[in-house]
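>>> test case, fold it:
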Amino acid sequence: MTEWYLEAAPEPDEEMRAAAQQHQDNLTKPRGALGRLEDVAVQLSAVQRTLTPRLDRAFIAVFAADHGVAAEGVSAYPQTVTAEMVRNFASGGAAISVLADSVGASFKVVNTGTVYAIEDLPNVVDRRVAAGTQNMCVTEAMDREQCLEAFAVGRDIIDEAGDIDIFLGGEMGIANSTSAAALAVAHTRLSATAMVGRGTGISEQGLAKKAAVVTRAMSRHLPHMKDGVETLRRIGGLEINALVGAYIRAAQKGIVVLVDGYICTAAAISAVKVNPTIRPWLFFSHCSAEPGHKRLLAKMDAQPLLELDMRLGEGSGAALALPILRAACRLHNDMASFEQAGVSRGSDA
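Below is the predicted model of the structure:
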């Protein structure tokens with residue numbers, strides 16, 4: 001029996017894409033004058049199979065988990081911060097909490113694997129697979145059962161989200177930028193030095209240590225990474241794997257995905273490695289200040305909508321980009337054509 005995460009996502013409607021492009025070219029503006037907003041609207045028309053794409057019902061889920069590689073001293077913050085930030089999300093004090101409210105998105109935090117147990121909190125779902133991963137420099141981050149269970153957490157969160165048309169994933173986990181950098185190295189085969197960044201704000205010395213840690217992990221695991229699932233089992237994270245499951249499930253259900261920063265992009269490329277059919281459903285919000293992010297986006301042939309030197313994570317960049325996608329839809333749907341407005345067309349000269 002085929003595993004659920006390998007089932008194909010719906011293909012874009014190429015006839016609808018052509019009709020949407022023709023519609024754009026007939027609107028009261030010079031052809032191409034709205035730049036990438038036109039490209040976004042046309043792609044949304046193709047995947048949603050309609051000339052009037054909409055992204056009114058947004059859902060944001062932040063997945064939280066801890067990483068055993070934190071024992072290598074790769075973060076400026078202690079591991080207790082993961083659970084503390086989950087509480088901050090729940091109380092509305094985090095950036096993503098504020099941004100989710102500002103864009104009218106439904107919001108949920110999913111405890112996928114914090115080291116420390118967390119009490120019942122509003123809008124926090126307890127789906128802990130384990131008390132964090134193992135140290136990937138020493139052994140595999142998780143066993144296969146945990147890997148697939150984390151996928152299923154993401155799947156179930158999408159299935160439980162109700163009637164939505166766009167999903168924004170976020171993450172929280174001390175040391176998860178180290179795991180993301182390892183995944184980026186695995187999928188690009190670039191050096192660890194090219195793919196690590198300051199994450200929570202580490203020093204130059206800390207940056208060198210982080211690159212060395214990723215190099216050690218890759219020397220242990222790279223020869224055994226036979227497919228996308230095995231790669232995630234060895235060097236992924238419980239929250240990263242949950243994002244992979246959520247991205248795949250959203251695409252399978254015809255839900256647009258807006259990918260956040262470096263860690264979410266590492267999850268996105270991992271999801272595409274597991275199930276290549278989901279790629280047309282992925283839109284990319286921004287290019288973060290993490291140096292590896294630009295390289296990872298280039299590997300995916302992805303054009304982010306924003307570049308604001310952010311490196312916060314949480315889904316914050318995606319939430320900021322959501323109004324741009326919505327504006328692209330409104331312009332596509334509500335602008336008048338030359339005929340409707342009685343405006344003369346320009347020449348093609």
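>>> make it CA atoms for all contacts and neighbour counts henceforth
Noted.
>>> and stretch 78-96, how far from the chain's centre?
Computed by Cα atoms, centre = their mean, to the nearest Å, the chain-centroid distance of stretch 78-96 equals 19 Å.
>>> mind listing what's buried along it?
79, 81, 82, 83, 85, 86, 87, 89, 90, 94, 95, 96 (16 or more other Cα atoms under 10 Å).
>>> output these in a markdown table; the columns should cover pLDDT, distance to residue 44 and secondary structure.
As requested, these are exported to a markdown table (pLDDT from 0 to 100; distance: Cα to Cα, whole Å; DSSP: H, G, I helix; E, B strand; the rest coil):
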| residue | pLDDT | distance to residue 44 | secondary structure |
| --- | --- | --- | --- |
| 79 | 94 | 39 | coil |
| 81 | 96 | 38 | helix |
| 82 | 97 | 35 | helix |
| 83 | 97 | 36 | helix |
| 85 | 97 | 34 | helix |
| 86 | 98 | 33 | helix |
| 87 | 97 | 35 | helix |
| 89 | 97 | 30 | helix |
| 90 | 96 | 32 | helix |
| 94 | 98 | 30 | coil |
| 95 | 98 | 27 | helix |
| 96 | 98 | 24 | helix |
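>>> okay, the residues you listed in CSV with distance to residue 269 next?
Conversion of the buried residues of stretch 78-96 to CSV gives the following (distance: Cα to Cα, whole Å):
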residue, distance to residue 269
79, 26
81, 27
82, 24
83, 27
85, 26
86, 25
87, 29
89, 26
90, 29
94, 27
95, 25
96, 23
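>>> list just the nearest of those residues to residue 324.
Taking Cα to Cα as the measure, residue 324 sits nearest to residue 96 out of these, at 16.9 Å.
>>> nearest spatial neighbour of that closest one, skipping sequence neighbours?
residue 316 (5.1 Å; Cα to Cα, 6 or more residues apart in numbering).
>>> which stretches in the stretch 51-200 of the chain count as strands?
For the stretch 51-200 of the chain, strands defined by DSSP state E, counting those that start in this stretch occupy the ranges 58-65, 106-113, 124-126, 166-172.
>>> nearest to residue 72, of the ones you listed?
Residue 72 lies closest, by Cα to Cα, to one member of these: strand 58-65, at 16.8 Å.
>>> point out the other helices and strands that that closest one packs with.
helix 80-91, strand 106-113, strand 166-172, helix 238-252 (3 or more Cα pairs under 8 Å, 6 or more residues apart in numbering; DSSP states H and E).
>>> who does the shortest one touch, helix- and strand-wise?
So that's strand 166-172. Looks like strand 166-172 contacts strand 58-65, helix 80-91, helix 238-252, strand 256-259, helix 262-274, helix 316-334 (3+ Cα pairs under 8 Å, 6+ apart).
>>> quick check: angle from the second one to strand 106-113?
When axes from the mean of the first three to the mean of the last three Cα atoms, to 10 degrees is applied, the directions of helix 80-91 and strand 106-113 differ by 160 degrees.
>>> what packs against helix 80-91?
strand 58-65, helix 95-102, strand 106-113, strand 166-172.
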